[in-house]
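Asks: for reference, the sequence and a predicted model appear below.
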Amino acid sequence: DQQVKQNSPSLSVQEGRISILNCDYTNSMFDYFLWYKKYPAEGPTFLISISSIKDKNEDGRFTVFLNKSAKHLSLHIVPSQPGDSAVYFCAASALGNNAGNMLTFGGGTRLMVKP
Amino acid sequence: DTGVSQDPRHKITKRGQNVTFRCDPISEHNRLYWYRQTLGQGPEFLTYFQNEAQLEKSRLLSDRFSAERPKGSFSTLEIQRTEQGDSAMYLCASTAGNGYTFGSGTRLTVV
């Protein structure tokens, strides 16, 4: 049972336009959500996070939106740059669980930003 | 501090052999995690340590998998009697709070 799903395996966007990456989850115990970016041959790098008490968090070109009723979150990148081309993972955790902030990851979305 | 370091970066082994991977976390991070990532999937949690205590190991994939963190610093992940299905990227991460820092991983290929 996949508790975190990223239904789009890939996304292609023109440089300067907005990239929107989506993520759905099923576990209502999740209360903290993160986005990671991964380049080939490197480990995932933390990008931005959001607590379930918020519905939006912004950091520069990156904004994460959380819709708890729909169990859906999205990452907006604007403007998109060629260096943003990478695989993006959505992750979720239930703070205070016994597995010490264990993260449950989605399958990833490969973003390609074309110059 | 240079971040989370994993060794080796790549390991090719024959089926049935034992392998051991090492992770050196960021020095002030008391929590250390092991994840496995297979092709086309997101990282999958295996186990975690708080200092030297292994607080969650029920997600280890089989009894062929074991992990240690003897002095609360570096950690090792051992896979005994490797199988082709063990081929994957093994990621280590550490944290002192909510944000993880991942290492670059060890890519295991079982032939």
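Replies: It's in.
Asks: show me which residues of chain A sit near chain B.
Replies: Contact residues, chain A versus chain B (CB under 8 Å from any CB of the partner chain): A:4, A:6, A:9, A:32, A:34, A:36, A:41-46, A:49, A:89, A:91, A:93, A:95, A:98-108. In short, each C-beta sits where N, CA and C put it, glycine included.
Asks: same thing but at 10 Å, please
Replies: A:2, A:4-6, A:9, A:32, A:34, A:36, A:38-39, A:41-46, A:49, A:51, A:87, A:89-91, A:93, A:95, A:97-108, A:110 (CB under 10 Å from any CB of the partner chain).
Asks: so which of these sit within strands?
Replies: Secondary structure from DSSP state E places A:4-5, A:32, A:34, A:36, A:38, A:45-46, A:49, A:51, A:87, A:89-91, A:93, A:104-105, A:110 of the residues of chain A next to chain B in strands.
Asks: lowest average confidence, helix or strand, in chain B?
Replies: strand B:53-56 (a mean of 85; mean pLDDT, DSSP states H and E).
Asks: distance from the very next helix or strand once past that one to the middle of the chain?
Replies: For strand B:53-56, the following helix or strand on the C-terminal side (DSSP states H and E) is strand B:65-68. With CA atoms, centre = their mean, to the nearest Å as the basis, strand B:65-68 stands 8 Å off its chain's centre.
Asks: pull the number of nearby residues for residue A:25.
Replies: Counted by other CB atoms under 10 Å in any protein chain shown, the residues lying close to residue A:25 total 22.
Asks: now swap in the one 4 residues further on and tell me
Replies: Residue A:29 is surrounded by 13 other residues when neighbours are defined as other CB under 10 Å.
Asks: wait, it touches residue A:71, no?
Replies: No: with contact defined as CB atoms under 10 Å, residue A:29 does not reach residue A:71; the gap is 11.3 Å.
Asks: overlap of the contact sets of those two?
Replies: Residues within reach of residue A:29 and of residue A:71 at once, by CB atoms under 10 Å, 6 or more residues apart in numbering or on different chains, are residue A:92.
Asks: show the buried residues in the residues of chain A next to chain B.
Replies: A:4, A:6, A:32, A:34, A:36, A:38, A:43-44, A:46, A:49, A:87, A:89-91, A:93, A:99-108 (16 or more other CB atoms under 10 Å in any protein chain shown).
Asks: give me the three-state assignment for the residue positioned nearest the centre of chain B.
Replies: With distances taken as CA atoms, centre = their mean, chain B has residue B:34 as the residue nearest its mean C-alpha position (3.8 Å). Secondary structure assignment for residue B:34 (DSSP: H, G, I helix; E, B strand; the rest coil): strand.
Asks: and it, how far from chain A?
Replies: 11 Å (CB to the nearest CB, to the nearest Å).
Asks: partners of the nearest residue to residue B:57 once chain neighbours are set aside in the sheet?
Replies: Closest residue to residue B:57 apart from its sequence neighbours, by CB to CB, 6 or more residues apart in numbering or on different chains: residue B:47 at 4.6 Å. Assessed by DSSP bridges, residue B:47 has beta-bridge partners residue B:34.
Asks: returning to what we had before: roughly how far does the residue nearest to the centre of chain B sit from residue B:79?
Replies: From residue B:34 over to residue B:79 the distance is 11 Å, taken as CB to CB, to the nearest Å.
Asks: the least confident helix or strand of chain B pairs with which strands?
Replies: For strand B:53-56, pairing defined by DSSP bridges yields strand B:44-50 (antiparallel).
Asks: so for the partner strand, what's the average pLDDT?
Replies: Mean pLDDT, strand B:44-50: 92.
Asks: for that strand, what is the distance to the chain centroid?
Replies: 8 Å.
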